[in-house]
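Trainee: Mind looking at a prediction? Sequence and model below.
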Amino acid sequence: MSEYYWELITKDGTCIEIPPSGIDVVKKRMGNHDPINTRTQVIPYAQIEHFRITSKPYSAQNLLEEVAQAFNDPIHNEDGSIVCRWVKKEVTQDRWNKYYSPLGYKRIGGEGGITTVAMRLPVHLIDTNETPYCSDEEVHKLTRKY
């Protein structure tokens, strides 16, 4: 059976991912109308809009990557290379034309003057708030052989 992250959404629109290990605690505290304590904040019960499951799978790899990011400590493959993942970033069309395109970055979409750029970064340097992971479909498009 697969496990999934849950999301705690506050009335101001903040979304906090909760790993499977924290679900029972959050449900219990919500049932008692107690505040929810996260690593970075305390959320009063009255500020919670939703607590629901996501489609984002939880795995030990995600946990390893989160630890690597928290301590800025690279994860190494068996061959000694650093583990990297595809991430994406939205930039203006002008920034794409002047900076990213000449340097060989990959374009994976865009509209309305905004371009989505894809790049591979070491997992310990990824800030998913700034550069979220590419979806499986996007990675497939980026890595397929023509």
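Mentor: Nice, I can see it. Fair warning: this is a prediction, and the values are worked out from it, not measured in the lab.
Trainee: what's the nearest residue to residue 124 if we skip its chain neighbours?
Mentor: With sequence-adjacent residues excluded and distances taken as C-beta to C-beta, 6 or more residues apart in numbering, residue 124 is closest to residue 68, at 4.0 Å. From N, CA and C alone the C-beta is placed, and that goes for glycine too.
Trainee: contacting residues around that neighbour?
Mentor: By C-beta atoms under 8 Å, 6 or more residues apart in numbering, the residues touching residue 68 are 74, 75, 123, 124.
Trainee: Can you name the two of the residues you listed that sit furthest apart?
Mentor: Greatest spacing in these, by C-beta to C-beta: 74 and 123 (7.8 Å).
Trainee: Looking at the two, which is more packed in?
Mentor: residue 123 (20 against 14; other C-beta atoms under 10 Å).
Trainee: If I follow the layout properly, that one ends up in contact with residue 84?
Mentor: Yes. Counting by C-beta atoms under 8 Å, residue 123 touches residue 84, with 6.6 Å between them.
Trainee: picking up where we left off before, and the contacts of residue 68, which is closest to residue 52?
Mentor: The closest of those to residue 52 turns out to be residue 123 (C-beta to C-beta; 26.9 Å).
Trainee: hang on, residue 129 in a strand?
Mentor: No. Assignment of residue 129 by DSSP: H, G, I helix; E, B strand; the rest coil gives coil, placing it outside any strand.
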